[in-house]
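# just need the structure, nothing else, for what follows:
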Amino acid sequence: MNSAGIFADAFGRIREAVHETVEGLPPGLLNTRPDDGANSVAWLVWHLTRVQDDHVSDAAGTEQIWTSRGWSSRFALPLPEDSTGYGHTDAQAGSVRVESGDLLLGYHDAVHEQTLAFVHGLDGRALDRVVDESWSPPVTLGVRLISVVCDDLQHVGQAAFVRGVLSRR
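Now for the predicted structure:
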């Protein structure tokens, strides 16, 4: 398996876990926070998808799905359009609410397709390209993609945990 195949598989596993976590969960539970300082399934899935959209589109030199395909308008969140969830206050995290899981899954699937289109064209040499010089050492494309995969897997695991906790109440 080449590097493109490895990344496609990793992002595919994230997509599967997102669907398993969101499908069949009513909006009331999607938007419920286990306590005031915790994140909801909706926020966690929105955030992991926003980060993937932001980071992969930046590396690919493309516009984010969030803005280019109108997802920002569909979500209609009371947040700045470029918000990804980093640094959110409790109030901001609580403001991420959805009317159905279909909205979350639609956005995630659109980002997933754009991500796959990008990673399928990669080879080992491409992964060495520096994509962010603001860090020491500078961040390469390979490191950025691994970072997104790790962040996404952590957040979808948290979302699955929150679903389990809320489903047992």
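# what's the nearest residue to the most centrally placed residue in the chain if we skip its chain neighbours?
Centroid-nearest residue in the chain: residue 49, 1.9 Å away (criterion: C-alpha atoms, centre = their mean). Among residues not flanking residue 49 along the chain, residue 108 sits closest, at 4.6 Å (C-beta to C-beta, 6 or more residues apart in numbering). For the C-beta atoms, the positions are set from N, CA and C on the backbone; glycine is no exception.
# which ones are touching that neighbour?
Counting by C-beta atoms under 8 Å, 6 or more residues apart in numbering, residue 108 makes contact with 15, 18, 45, 49.
# so which pair among these is furthest apart in space?
15 and 45 (11.0 Å; C-beta to C-beta).
# got the CA coordinates for the helix or strand hosting residue 54 in PDB?
Element membership of residue 54 [criterion: DSSP states H and E] is helix 41-60. Output in PDB follows, covering the C-alpha atoms of helix 41-60 (Å, rounded to 0.1, in the frame of the first residue of the first chain):
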ATOM      1  CA  VAL A  41     -21.800  15.000  19.800                       C
ATOM      2  CA  ALA A  42     -22.900  17.800  17.400                       C
ATOM      3  CA  TRP A  43     -20.000  20.100  18.400                       C
ATOM      4  CA  LEU A  44     -17.400  17.300  18.300                       C
ATOM      5  CA  VAL A  45     -18.400  16.100  14.900                       C
ATOM      6  CA  TRP A  46     -18.800  19.600  13.500                       C
ATOM      7  CA  HIS A  47     -15.400  20.500  15.000                       C
ATOM      8  CA  LEU A  48     -13.500  17.500  13.600                       C
ATOM      9  CA  THR A  49     -15.000  18.100  10.200                       C
ATOM     10  CA  ARG A  50     -14.200  21.800  10.300                       C
ATOM     11  CA  VAL A  51     -10.600  21.100  11.200                       C
ATOM     12  CA  GLN A  52     -10.300  18.500   8.400                       C
ATOM     13  CA  ASP A  53     -11.900  20.900   5.900                       C
ATOM     14  CA  ASP A  54      -9.700  23.800   7.000                       C
ATOM     15  CA  HIS A  55      -6.400  21.900   7.100                       C
ATOM     16  CA  VAL A  56      -6.800  19.800   4.000                       C
ATOM     17  CA  SER A  57      -8.100  22.600   1.900                       C
ATOM     18  CA  ASP A  58      -5.200  24.800   3.000                       C
ATOM     19  CA  ALA A  59      -2.700  22.100   2.100                       C
ATOM     20  CA  ALA A  60      -4.400  21.400  -1.200                       C
END
